[in-house]
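Undergrad: No sequence on hand, only this structure:
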């Protein structure tokens, strides 16, 4: 069964450093998403991406964040200068093009900013 | 604005009990979709069910059943004869035309042997 994969599973970084979180969406999906979940809290939408551009973003997704589809398979989230409050689990998801298509989630990357 | 409320923060039951997880939503969209996801202790998010706003039929899948009522803006989830493996955090989520999933705070279910 196709699945969304994410690397690394855990990333530890120093405050102020740049991090890139990587995702490989399901191959025939065209919509891609990033969500985050601060420990013990609810899941929050960050950004959606379609046809090589951002289709929707939340207020959390400020200038420190960027997304890219560098090739035909990867989808990345970059945080330029990490802050302590960026520590969270980051989930990548992908879906088909229909509005009712469920989003399938990767296993997450736990980001720890020290 | 869209909002999902899961009023039950934590529920603890004994194995084989039935348990219902409540979900109440708010949206101004006429077309919207409701979801339930399970997050086991390992942390991944597992899709359980989708419902669209035009389909109020209840659904049963094994020990799981869902009750969608537009009149009360609720989409409740019942586990029958709960098992220890059902222990997880369960999230209700809502999306409309913008595709972004709006999540409830989750209900942590502990099923004790």
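TA: Done, it's in. Here the structure is a predicted model, which means the values were calculated and not measured.

Undergrad: I'd assumed residue A:67 was in contact with residue A:54.
TA: Yes - using C-beta atoms under 8 Å, residue A:54 is in contact with residue A:67, at 6.6 Å. For the C-beta atoms, the positions are set from N, CA and C on the backbone; glycine is no exception.

Undergrad: which residues do the two both contact?
TA: Residues touching both residue A:54 and residue A:67 (C-beta atoms under 8 Å, 6 or more residues apart in numbering or on different chains) are residue A:47.

Undergrad: higher neighbour count, these two?
TA: More crowded of residue A:54 and residue A:67, by other C-beta atoms under 10 Å in any protein chain shown: residue A:67, with 22 against 12.

Undergrad: For the helix or strand hosting the more buried one, which helices and strands make contact with it?
TA: Per DSSP states H and E, residue A:67 falls inside strand A:65-68. Other helices and strands packing on strand A:65-68, by 3 or more C-beta pairs under 8 Å, 6 or more residues apart in numbering or on different chains; DSSP states H and E, are strand A:43-50, strand A:75-79.

Undergrad: one more time with 6 Å, if that's ok
TA: strand A:75-79 (3 or more C-beta pairs under 6 Å, 6 or more residues apart in numbering or on different chains; DSSP states H and E).

Undergrad: by contact count, what packs against the strand it packs on?
TA: Using 3+ C-beta pairs under 6 Å, 6+ apart, strand A:75-79 is in contact with strand A:19-24, strand A:65-68.

Undergrad: can you put those in a markdown table and add mean pLDDT?
TA: Shown next, in a markdown table, are these (pLDDT from 0 to 100):
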| stretch | mean pLDDT |
| --- | --- |
| strand A:19-24 | 97 |
| strand A:65-68 | 96 |
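
Undergrad: Which residues of chain B lie near chain A?
TA: Selection of chain B residues close to chain A by C-beta under 6 Å from any C-beta of the partner chain yields B:33, B:43, B:44, B:45, B:47, B:50, B:52, B:98, B:99, B:100, B:103, B:105.

Undergrad: Can you check those residues and name whichever has the most neighbours?
TA: Most crowded among the residues of chain B next to chain A, counting by other C-beta under 10 Å, is residue B:45 at 25 neighbours.

Undergrad: That residue touches residue A:105, doesn't it?
TA: Yes - the pair residue B:45 / residue A:105 is scored as a contact, 4.1 Å apart, by C-beta atoms under 6 Å.

Undergrad: before we move on, back to that, please identify the deepest-packed of the helices and strands packed on strand A:75-79.
TA: Stretch with highest mean neighbour count among the helices and strands packed on strand A:75-79: strand A:19-24 (a mean of 19; mean count of other C-beta atoms under 10 Å in any protein chain shown).

Undergrad: Pairing partners for it, with directions?
TA: Taking DSSP bridges as the criterion, strand A:19-24 forms sheet pairs with strand A:5-7 (antiparallel), strand A:75-79 (antiparallel).
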